[in-house]
Structures are given as C-alpha cells and as structure tokens.
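1. Attaching a predicted model along with its sequence, questions to come.
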Amino acid sequence: MFRTHDCNSLRKTDIGKEVTLAGWVNVTRDHGGVIFIDLRDREGLTQVVFRPEENAELAKQAHSLHGEDVIQVSGTVAARLPGTENPNLATGDIEVIPKQLRMLNRAEPLPFPLDSEPQNEDLRMTHRYLDLRRPRLARNLRIRHRAAKATRDYLDSQGFVEVETPILSKSTPEGARDFLVPSRIAPGKFYALPQAPQQYKQLLMVAGVEKYFQIAKCFRDEDLRADRQPEFTQIDIEASFVTPNDIFALVEGMLAAIFKATRDTEIKTPFDRLTYREALDRYGSDKPDRRFEMELVDLGEAFRESSFKVFRGALDAGSVVKAINAKGFAGITIGQADELTEIAKLYGAKGLAFIKVENGEWKSPIVKFFSDAEKAALRSKLKIEEGDCLFFAADKWEVACEVLGRLRLRIAEMQNVHGKAKSGVEGGAPDWNFLWVTNFPLFEWSAENNKWNAMHHPFTRPKAEDMSLFEAKKFREVRAEAYDVVLNGVEIGGGSMRIYEPELQERMFEALGIGPEARESEFGHLLRAFRLGTPPHGGIAFGLDRLVMLICGEQSIRDVMAFPKNNRAMDLMSQSPAEVDPKQLRDLGIQLSKEKKV
Ligand code: ASP
C-alpha cells in the first residue's frame, strides 16, 4: 500500500499503530538536531519527528529535506510530549516516529513560498499548480466540485437531462464579441465558440427533450473587467411547458441544494421578488444589495411647491427629487464627501447635496431654503435621527435612481455595513440575501448604433400584457418575461420565457433591425425549427464561477477557477495565446497582416 492514512486522519486513538503516509514536506524545523516535518497532503498536516538518538541515519536523511519535496514515511504513531500538543491542528495530539523515509521526488527551490499569500499574481499564475497547493485554493476547487455535483444531483432528481452542446458552433448574438475558429476543411469559413448554448437549448426543446441542463463552458471575447474571464462556466437550464413560477421554484430548490452541500446552510425560500422598476426606484439598481436598507425615498410630493429652485425646477421639468438616509454617517469626512460627489457626477448628476444631522442641527447650505413643512416631511419620510446624513438627487428618474443607487453601495462600503458578509468561509456567518428581479424591459436603446437592442437576448418574449405595446412599436414601454436572480447585490443568473412562434420571432428580429437576409443566414435554422412544432419554453443560466466565488467568500472568480487567464486574457503558465507554426497558418489559408506582427 502506498499509504495507510491521509495526513488529516491520525488521532490519539491511533497511538501505537504502524502507519505509512505520503505527501509534501510543508515545513521543516531543526530543533538542535531534532528534525520536525509537517507532512502535507490535500487533507491536512501530520507532524513527523526525526530524533537522531532514535535513528541517526534517518535523521541525517531528513536533514536534507526541503519544502515541497515529495516523500513517503513509515513509522509509529506516538503521543506528542505533554505541553507540545497543537490544538489548532486536527492531528495535533500525535506525531509519527519514522522508521523509513523514501524520497519520491525532490523539489527545486520554490518561486514563491506557499505559507503566505503571494503578492505577485503573475508569479502565482505562472506556477498555478503550486498556487493551487495552498489550502484556500485547494478548498475552493473542492467547494466548486460540490456545487457542481449538488446541481447535477438536484436537477437529475427533477427529471432534467444533461445534454452536451457543441463548442465548435456558430456565431450567436449574446452581445459580446465571438471567439472564432478557422475551418481548415472549409477555407475562409469560421466556427464561433459559444457565448452560451442559447439556441442549442431552445432547439433541444423543439427536439422534445423537455427538461435540459448543462454545466457548460461559454466564451466571450470581452475586454476583461475584474470579475470576467474569456471562458467561464454556466449552469444552463431550459424547460418546456413551464411558467416563470415553475422556473423560480426549480431554481430556489437548486440553490438550496447547492448551499446545503457546500456550506451546510438552509437558505430562505421562496426568494423575495421585485420588478425591475421597483428595484431601481427603491435601491437604484437592477441587482440590489438588500442586506442593508438605505432605500431611495421619493420627495416629489414634499417639494412640489418648494421655493428651493433646484428641487422645484427639477419637478416642474418632469424630473424627480429623491434621497437616501445614511444612518450614523454624519461624521462623513471631506475626502469621503469629495469621493461621493465624484461618483454622483460620474453617473450624470451635476453635483451632490447632502445634509448632516449633528447636535440637533441640520448642516448644509441648502437647509435655509426649506420651509418648516418641507422639513417636517423630510423628517418623517426619511426617518431622520441624530447622526444621520442625507443625500439628494434631483434629476431624470433614471439618473436620480442610478446616482443614489451607486452612492448607497459606496456609503455601505464606507460604513462597512456588510463587511461581515464578505468574509470567507471560515470567518463570520454571511447573510445570503437572494432576490428575483422580474419584468425587465424587452428593449434598450443603443444611442451608439441608433437602434433598439434586446436587453436580454432576441429570443426573450414580451409580456402578454404588453403585446399591444409591442404591436404599436412602443418599444420603450414593452416589458419582457425575463428575470434575474440576485445574491447579495451580485447578479448570479438570468433567464426568460422564450418566443416560440416563428412569426413573433420574425417580428422581434425586425424590431432589432435584423433584415430578412440576415435573419435567414443567421437564424434560418431556428425559424425553420420553430415552424415544425415548438413547445412553449423558457429557462435560465447561472454563472457558476461567480456563484462559487460568493459561496467561498472570495473577491475574484479567478480564485475559484483552476487555471484562469489574467486580466490581459493570457494564461501565463502555458504562455497562451501564442504564435503558431507558419505551416499551421498555411493549412488554414490564413496570412497575418504585417501590422499585426510584433
Ligand atoms: N443564455 C442566456 C445568457 O447566457 C441565459 C438564458 O436566457 O437562459 O445570458
């Protein structure tokens, strides 16, 4: 047997047993000739002690061990000397007195130590296999596995079938840039890597699969932001003959199973629901973080007749006056106020008015313009108390909501009101605040392209109640049968009921400015399928990486992926992307343009 136990299993009850362990040398310590080694495997650590008086030859061998050497040790389990037990270690009561030491493989000096958090991420990524030996990342990979397994088990129990869909596929309009793969067999033609299996899963509904899911790799060639990767994983779901409520119940059950399996936590279901409009109106975001209140309050009524020109002027022009009350934030520093003003301006406000409530006084240059009645209205609507700080926005509804929504999040960070919830798996007990956001707009206006885009994707159906608005081409007002799941202010999933009628799909394409020719070349297969007996269907997809990141209490999805790319979309370990042999390019009929060559 290579080993009798793993490095996290020996306890007091094993004292006297002959055991064999194998693993990595985590740390060696030389205490006056006695060599202590922490032997590590993925399960944990066990102390091995080489005493020259017990076995001089072995102690000499042990002397030459280095961090991360791979060894096998056979010996006897012994109690640690009284007073030297380590209560922080599961195996802290015992040690192994070796009889045999076998070097399985030496490690050269390490590029970075594994016992502290390395600062240089490029170095970590270059030697990712070393980085992954660190317990935190090793734990993350296992949590990810448990999340994926719980997903599969749960969906299987609900009758869902996992079906793989092609990676070499066709360009789809999910909104991002495609990764293209040149075809050698058909020179000049390209596959696209899927941004999501959206069309395939709908075609599986036409195929009568009825309940599909897939833990699917997706690819989007986007400029990377902190929380994005060019390839990522979705839990992708589609079902036939369902209503949104069926999808909601399924997803709540699935997330409950995932949280039970990964964190042994019972999450509260069903989740609250807010419409898109309400979410913006009350929290200034379509993915509100509701672990804290600080809701946006409408002050239109209070200032309708005001003599304060800024508010009155906004209201007369059809805009809104809204405010938030940051409880206990009257001690705001000048630096914080400046930063918040910058944020307000960045999102379209002209400036930022705020009132500090200190020593019974309202401190702000705008207070002198308020009547007593206005002050009373403010006091009751915003529930003002000593120590509060109020922030105002007088602008178009969209701008006021967005500005106050951004301020709300930043202020919460400044006050660290949800610091606890951000802590890792080991620390704290985060609140898991789930929410459905429903009734998204079907379209969004692209000023850049001077046309309507689909807010979710072109296959999302308009709400039945809004069909007449759709017919009347009042696109701004049409709501979609689309929904997102939000967890602690992060969108973790989104989906919709789909268009299944070929005529309606054609009209949707038309509304998006996709002409008959493009419709045929890009979506002909889908439209033909829809004409051959298509059940009503709908679905959803989750970002598995982001979900696991939140479960693990991590700040970056890179920390829950085995081999992520860096923020220049490069894999530093394998040095990809890389140049290829000119012959490979010739086979593909590809010639690099001069300016692209570096
Ligand atoms: N395919 C969609 C996406 O990736 C999700 C869905 O509608 O199911 O956003």
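-> Done, it's in.
2. Now do the strands in the stretch 1-150 of the chain.
-> Ranges of strands within the stretch 1-150 of the chain are 18-31, 34-41, 44-50, 70-79, 94-105, based on DSSP state E, counting those that start in this stretch.
3. for those, which one ends up most surrounded?
-> Of all these, strand 44-50 carries the top mean neighbour count, a mean of 24, counting by mean count of other Cβ atoms under 10 Å. Bear in mind the C-beta positions are built from the backbone N, C-alpha and C, glycine included.
4. In JSON lines, list the strands of the stretch 1-150 of the chain along with mean pLDDT and distance to the ligand.
-> Shown next, in JSON lines, are the strands of the stretch 1-150 of the chain (pLDDT from 0 to 100; distance: least, Cβ to the nearest ligand atom, whole Å):
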{"stretch": "strand 18-31", "mean pLDDT": "96", "distance to the ligand": "40"}
{"stretch": "strand 34-41", "mean pLDDT": "97", "distance to the ligand": "38"}
{"stretch": "strand 44-50", "mean pLDDT": "97", "distance to the ligand": "39"}
{"stretch": "strand 70-79", "mean pLDDT": "98", "distance to the ligand": "42"}
{"stretch": "strand 94-105", "mean pLDDT": "97", "distance to the ligand": "43"}
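5. any weak-confidence spans in the stretch 151-300 of the chain?
-> Within the stretch 151-300 of the chain, the segments meeting pLDDT under 70 span 172-174, 225-226.
6. Find the closest residue to the ligand in it.
-> Distance from the ligand to each residue of the stretch 151-300 of the chain (Cβ to the nearest ligand atom) is smallest for A196, at 3.4 Å.
7. Surely that residue and D236 touch.
-> Yes. Look at A196 against D236 with Cβ atoms under 8 Å: they come within range, at 6.9 Å.
8. who's more crowded, these two?
-> D236 (27 against 20; other Cβ atoms under 10 Å).
9. before we move on, the earlier item: what spatial separation is found between the residue of the stretch 151-300 of the chain closest to the ligand and H456?
-> 11 Å (Cβ to Cβ, to the nearest Å).
10. G495 now?
-> 8 Å.
11. Surely R277 is in contact with N439?
-> Yes. Contact between R277 and N439 holds when scored by Cβ under 8 Å: they sit 7.0 Å apart.
12. Looking at the two, which has the bigger crowd around it?
-> N439 (21 against 17).
13. Contact partners for the more buried one?
-> Taking Cβ atoms under 8 Å, 6 or more residues apart in numbering, we find N439 in contact with T275, Y276, R277, K463, R479, A480, A482.
14. Disregarding residues adjacent in the polypeptide, which is nearest to it?
-> Leaving aside its sequence neighbours, N439 sits nearest to T275 (Cβ to Cβ, 6 or more residues apart in numbering; 4.3 Å).
15. try S364
-> I355 is the one closest to S364 (Cβ to Cβ, 6+ apart), at 4.0 Å.
16. What segments of the stretch 301-450 of the chain are helices?
-> Applying DSSP state H, counting those that start in this stretch to the stretch 301-450 of the chain gives helices spanning 309-316, 334-346, 372-382, 397-415, 419-422.
17. Pull the residues that contact the first one.
-> Defining contact as Cβ under 8 Å, 6+ apart, one finds that helix 309-316 is touched by 299-300, 303-306, 320-321, 353, 366, 369, 392, 394-395.
18. and the longest helix anywhere in the chain, what other elements does it pack with?
-> In the chain, ranked by residue count with DSSP state H as the criterion, the top helix is helix 135-157. The criterion is 3 or more Cβ pairs under 8 Å, 6 or more residues apart in numbering; DSSP states H and E, and the helices and strands that helix 135-157 contacts are strand 161-162, strand 211-219, helix 244-263, helix 544-552.
19. Quick check: the residue of the stretch 351-500 of the chain nearest the ligand.
-> In the stretch 351-500 of the chain, the residue that lies nearest the ligand is G495 (3.9 Å; Cβ to the nearest ligand atom).
20. and the closest residue to that residue other than its chain neighbours, what helix or strand is that in?
-> Spatial nearest neighbour of G495, excluding adjacent residues (Cβ to Cβ, 6+ apart): I540 at 2.8 Å. Using DSSP states H and E, I540 sits in strand 537-543.
21. just how off-centre is that strand within its chain?
-> Between the centre of strand 537-543 and the centre of its chain there are 16 Å (Cα atoms, centre = their mean, to the nearest Å).
22. Other residues contacting it?
-> With contacts defined as Cβ under 8 Å, 6+ apart, strand 537-543 is touched by 196, 201-202, 205, 212, 232-242, 244, 247, 251, 481, 483, 485, 492-498, 500.
23. Just the buried residues out of these, in ChimeraX syntax.
-> With 16 or more other Cβ atoms under 10 Å as the criterion, this ChimeraX line picks the buried residues out of the contacts of strand 537-543:
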select :196,201,202,205,212,232,233,234,235,236,237,238,239,240,242,244,247,251,481,483,485,492,493,494,495,496,497,498,500
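24. quick one: which of the contacts of strand 537-543 sit in helices?
-> K201, Q202, M205, P244, I247, V251.
25. Contacts only, for the second one.
-> Translated: Q202. Neighbour list for Q202: E238, F459, R498, L526, H537 [criterion: Cβ under 8 Å, 6+ apart].
26. Taking those together, which two end up most distant?
-> Greatest spacing in these, by Cβ to Cβ: E238 and L526 (13.7 Å).
27. For beta bridges, what are the partners of W24?
-> Beta-bridge partners recorded for W24 (DSSP bridges): R40, V70.
28. returning to that earlier point: what is in contact with G495 and H456 at once?
-> Shared contacts of G495 and H456, defined by Cβ under 8 Å, 6+ apart, comprise A482.
29. got a pLDDT number for whatever residue of the stretch 1-150 of the chain ends up closest to the ligand?
-> In the stretch 1-150 of the chain, the residue that lies nearest the ligand is A148 (17.6 Å; Cβ to the nearest ligand atom). Looking at A148, its pLDDT reads 98.
30. With P462 instead?
-> With respect to pLDDT, P462 scores 98.
31. how about it, what does it touch?
-> L442, L469, F470, V478, R479, A480, E481.
32. Nearest to R152, out of the residues you listed: which one, please.
-> Closest to R152, out of all of the contacts of P462 and judged by Cβ to Cβ, is E481, at 27.3 Å.
33. bridging residues for the nearest residue to that closest one once chain neighbours are set aside?
-> In space, and not counting its chain neighbours, E481 is closest to M497: 3.9 Å by Cβ to Cβ, 6+ apart. Beta-bridge pairing of M497 under DSSP bridges involves G538.
34. again, but for D298
-> Beta bridges link D298 to K322, judged by DSSP bridges.
35. So what's the residue count around it?
-> So D298, with other Cβ under 10 Å, has 15 neighbours.
36. my guess is it meets K322, correct?
-> Yes. The criterion here is Cβ under 8 Å, and D298 meets it with K322 at 5.6 Å.
37. My guess is L550 contacts G489. True?
-> No. L550 is beyond contact range of G489, at 10.0 Å (criterion: Cβ under 8 Å).
38. Let me see the contact set for the closest residue to D122 other than its chain neighbours.
-> Once flanking residues are discounted, D122 sits nearest to L572: 5.9 Å by Cβ to Cβ, 6+ apart. Applying Cβ under 8 Å, 6+ apart to L572 gives the contacts D122, M125, T126, N566.
39. Tell me the pLDDT of L572.
-> L572 is assigned 96 on the pLDDT scale.
40. now swap in K597 and tell me
-> pLDDT, K597: 51.
41. residue contacts, A78?
-> Going by Cβ under 8 Å, 6+ apart, A78 touches I15, G16, I94, E95, V96, I97.
42. Much appreciated, bye for now.
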